[in-house]
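>>> After the sequence you'll find the predicted model.
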Amino acid sequence: MPTIHADPEAIKPLLRDLGQGPTRGRSLTREEARYCLDQIMDGRATPAQCGAFLLIQRYKGETPDELLGFVDAVRGRASTHLIHPQVEGLLDIGSPYDGRLRNIVVSPAASIVAAACGVPVLMHGEEEMPPKHGITAGNVLDAIGVPTDLPAEAVERSIEQIGIGYLRQTRFAPDLVSIKWLREEIALRSPLNMVEKMYDPATAPYHLIGLTHLPYLEKLGASLPALGFRKSALVQGMEGNEDLTTNRGVRVIEFTSEGEGDAAKREYRVAASDYGLTPAEAADLAPGPDGDDRPTAARSVQLTLETLQGDASDTWRDLVVFNAGFRVYLTGRAPDLAAGVEQAREALGSGRAWQLLERWRATS
């Protein structure tokens, strides 16, 4: 744990307000939420106060204004590390930083295929994040030879020149990384797990965010337009991630910056079977254990390489095509999901997706 020069009064009054219980407690304003997270990242709040704050937020349920305040705190400190790639229609992938334990990771392959269709993509994450410590997109990219620890300016160039990039939290928000110890200590998901999906290191107009819990939909529905995103899609993908599965219908809620209330929201379901795609079985989605029955990235790497090389089974290929096609549709490069799926098929069949991966691997 880092040395902390704490001020016991830094957030104590606000903790009292938050912790009064369901009838007397109150939520924070956006400015107060930013202040509290700033104090925690500065090391001014005591360890006990830090843990209490995150746990109260978890059990109370953070409001849209509180989420926005937390994002403000991270982005305010990361201002010199924000990237601004000169591309049109950048897609930010809000992949959970703590990864997954029960399913393979499709997002790297799908994002590479989408980039080969002309969709500029930013992926971001960090290593070994609590509480899951699961397999992440970064683990898969690293294993296939993609550089995952480049400076922010190099990631910006990668997006401009290749069409895709990966940014580590260490490079973008080191102050947030510095309180990883706190998140390990509480051993539960906190608001910071959601903030990482939505803090947007590149001011992208399009966002794809995976969710597990339905109550977050209303909170994010009020938060995302306030951040200026043109269009965001929240999906109940595999294990709460952004990957659409092909063995069931997937709930999607889109929010746009145009209109207000219901006019800015569209809810629907997508099913791979409607597009002639092969459904995945449980065995197709299993991540594969190591000797201690802990999942590793090996099977996700196999899915990525075999699909991009044209050697994958129909099931794996169609899983990637479905997810890539959704990315193409979301960013307006296809009029509908069916057209996005066809573009993804063509990018794979022509070899463009594999060629893009080879160029990305050469980035330094």
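Thanks, I have the structure now. Numbering: from 1, shown residues only.
>>> show me where the stretch 51-200 of the chain has helices.
64-77, 107-116, 137-143, 152-161, 169-172, 174-177, 180-186, 191-198 (DSSP state H, counting those that start in this stretch).
>>> Flag every buried residue along the last one.
When neighbours are counted by 16 or more other CB atoms under 10 Å, the buried residues of helix 191-198 are found to be 191-198. C-beta here means a position set from N, CA and C on the backbone, and glycine is covered the same way.
>>> Okay, buried residues for the helix or strand of the chain with the lowest mean pLDDT please.
Least confident element among the helices and strands of the chain, by mean pLDDT, DSSP states H and E: helix 215-223 (a mean of 74). Buried residues in helix 215-223, defined by neighbour count with 16+ other CB under 10 Å: 216-217, 219-221, 223.
>>> Please apply the same query to stretch 11-23.
For stretch 11-23, by 16+ other CB under 10 Å, it's 11, 14-15, 18.
>>> cool, stretch 149-156 as well?
By neighbour count on 16+ other CB under 10 Å, the buried set for stretch 149-156 is 150, 152, 154-156.
>>> average model confidence for it?
If you average the pLDDT over stretch 149-156, you get 96.
>>> One more: stretch 231-239?
With pLDDT averaged residue by residue, stretch 231-239 scores 92.
>>> which residues are contacting that stretch?
Applying CB atoms under 8 Å, 6 or more residues apart in numbering, the contact partners of stretch 231-239 are 100-103, 106, 205-212, 214, 216-217, 220-221, 224, 242-245, 250-257, 285, 326, 330-332.
>>> which among the residues you listed end up buried?
If you count burial by 16+ other CB under 10 Å, the buried members of the contacts of stretch 231-239 come out as 100, 103, 106, 205-211, 216-217, 220-221, 224, 242-245, 250-253, 255, 285, 326, 330-331.
>>> Might you list the low-confidence residue ranges for this structure?
1-5, 214-215, 259-263, 290-292, 364 (pLDDT under 70).
>>> Please enumerate the strands of it.
Listed in chain order, the strands found in the chain under DSSP state E are 91-94, 121-125, 164-168, 206-210, 231-235, 250-256, 265-270.
>>> What is the nearest of the buried residues of stretch 11-23 to Gly349?
Gly349 has its nearest neighbour among the buried residues of stretch 11-23 in Leu18, at 54.7 Å by CB to CB.
>>> With adjacent residues omitted, what lies nearest to the closest one?
Ile56 (5.0 Å; CB to CB, 6 or more residues apart in numbering).
>>> what about the spatially most central residue of the chain, distance to Ala52?
In the chain, the C-alpha closest to the average C-alpha coordinate belongs to Gly94, at a distance of 1.8 Å (CA atoms, centre = their mean). According to CB to CB, to the nearest Å, Gly94 and Ala52 sit 27 Å apart.
>>> Can you name the residues bridging to Asp92?
Beta-bridge pairing of Asp92, defined through DSSP bridges, involves Leu122, His207.
>>> could you dump the strands of the chain to a markdown table with distance to Ala6?
Shown next, in a markdown table, are the strands of the chain (distance: least, CB to CB, whole Å):
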| stretch | distance to Ala6 |
| --- | --- |
| strand 91-94 | 32 |
| strand 121-125 | 30 |
| strand 164-168 | 28 |
| strand 206-210 | 34 |
| strand 231-235 | 37 |
| strand 250-256 | 39 |
| strand 265-270 | 42 |
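>>> Gln49 against Ile11, yeah?
Yes: using CB atoms under 8 Å, Gln49 is in contact with Ile11, at 5.7 Å.
>>> so what's Glu31 up against?
Residues touching Glu31, when contacts are defined by CB under 8 Å, 6+ apart, comprise Gly69.
>>> sorry, that was for Gly332
Contact criterion CB under 8 Å, 6+ apart gives 89, 231 as the residues in contact with Gly332.
>>> from now on call the first residue 32
OK, 32 is where the count begins now, so the last one is Gly363.
>>> Look up how far Asp38 lies from it.
Using CB to CB, Gly363 is found at 48 Å from Asp38.
>>> repeat for Leu121
Taking CB to CB as the criterion, Leu121 is separated from Asp38 by 40 Å.
>>> Domains in this structure, by residue range?
By the record's domain assignment, the chain is partitioned as 43-92, 122-392 (automatic domain parsing).
>>> how many neighbours does Ala264 have?
Around Ala264 sit 22 other residues, with neighbours defined as other CB atoms under 10 Å.
>>> Repeat that for Leu121.
Around Leu121 sit 24 other residues, with neighbours defined as other CB under 10 Å.
>>> wouldn't it be in contact with Val152 here?
Yes: look at Leu121 against Val152 with CB under 8 Å: they come within range, at 7.5 Å.
>>> hey, what's in contact with both of those two?
Here Leu121 and Val152 have Ile190 as joint contacts, going by CB under 8 Å, 6+ apart.
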